[in-house]
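1. Whatever this is, show me its structure:
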Amino acid sequence: MPSLQLGEQEIREIYQMIQTHHQAKLAHLGVKLPRLEVSGKFTKDALALVYLAKGYPQTVWVTKEELTQFVRRYYPNTNDVQSARHLGMQSGFYIVSSRRGNYIPKNNPPPSSSAYLLVTLDEPHPAFLPDRRLGSNDAFEAIKQKYDNRCATCGSREGEPNLRYRNQRTQLQRAHRNPKLPLTEENTIPQCQFCNRADRNYWVYDERGRVVGVASVKPIQRSIEKGYLSEQEVQSLYEYLSKRQQRGRRRRASKRAQ
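-> Sure thing, here's the model as predicted:
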């Protein structure tokens, strides 16, 4: 595991390396590089990114506890660092989580504990979709009012105890109805921090927050691997997809022949 001992000069050098890769490979794809400093103080996101990039390109898994301890050197009151997750799915850096189990390199399996790995600085996160943010806070406030300031999926009201996690206050977040499309007003529903985190990029929702489609093959793969789908159901799914693929080939061949 990386050492907690990173001096300020080393932090700046690693950040400069990240910045060079970002400008060459990631900036034009919409990946967002956090600022190193604000008012002369290192930012939490920059510290997390620098720590994960230590030793690049031979990066290693870093536990969430270790990352939190490092950030606490500069922010002693930090309870639980969420920067690694935000830097990945939201900002676009290719950072994977052992808990989620998505996009993990086959030659670098994770430890048993909750940990993060910076895979590369030459490619964005495979699930990253740039330019997805809603235009203004006023627009999102209007959307929340339309939903009575409740999560469209679980119904928890903003600022009140979450219906599923009673010891946590509900925070409404901008969420996609269809994660493959930009986060416009028409493609936005309010979700609590728990629904948005658990379901992000997996499902397509209708305007009432109900699942109406699949946006990723991951839930299907997981259902098969965990045995949630029977062999008969898997076979039916295979036959349906095979027939659909054959129809697509016939349509394309017909168009070429015209």
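
2. How is this protein partitioned into domains?
-> If you go by automatic domain parsing, the domain ranges for the chain are 8-124, 137-216, 219-251.

3. give me the beta-bridge partners of Glu94?
-> For residue 94 the amino acid is Tyr, not Glu. Beta-bridge partners for Tyr94, by DSSP bridges, are Thr120.

4. per-residue pLDDT, it?
-> You'll see Tyr94 listed with a pLDDT of 95.

5. returning to that earlier point: okay if I get the domains of the chain as CSV plus distance to Ala257 and mean neighbour count?
-> Any C-beta I mention is one placed from the backbone N, CA and C, and that applies to glycine too. CSV is the format used below for the domains of the chain (distance: least, C-beta to C-beta, whole Å; neighbours: other C-beta atoms under 10 Å):
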stretch, distance to Ala257, mean neighbour count
domain 8-124, 38, 17
domain 137-216, 31, 17
domain 219-251, 10, 11
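
6. Among these, which comes closest to Gln258?
-> Nearest of the domains of the chain to Gln258, taken as C-beta to C-beta: domain 219-251 at 11.0 Å.

7. so who does Arg12 touch?
-> Neighbour list for Arg12: Leu36 [criterion: C-beta atoms under 8 Å, 6 or more residues apart in numbering].

8. my guess is Lys144 contacts Gln191, does it?
-> No: using C-beta atoms under 8 Å, Lys144 is not in contact with Gln191; the gap is 10.7 Å.

9. Quick check: neighbours shared by these two?
-> Leu172.

10. Just send the domains of the chain back as TSV, with distance to Gln258 too.
-> As requested, those are arranged in TSV below (distance: least, C-beta to C-beta, whole Å):
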stretch	distance to Gln258
domain 8-124	37
domain 137-216	30
domain 219-251	11
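
11. mind listing the helices for the stretch 1-150 of the chain?
-> Listed in chain order, the helices of the stretch 1-150 of the chain (DSSP state H, counting those that start in this stretch) span 8-21, 44-53, 64-72, 83-85, 137-146.
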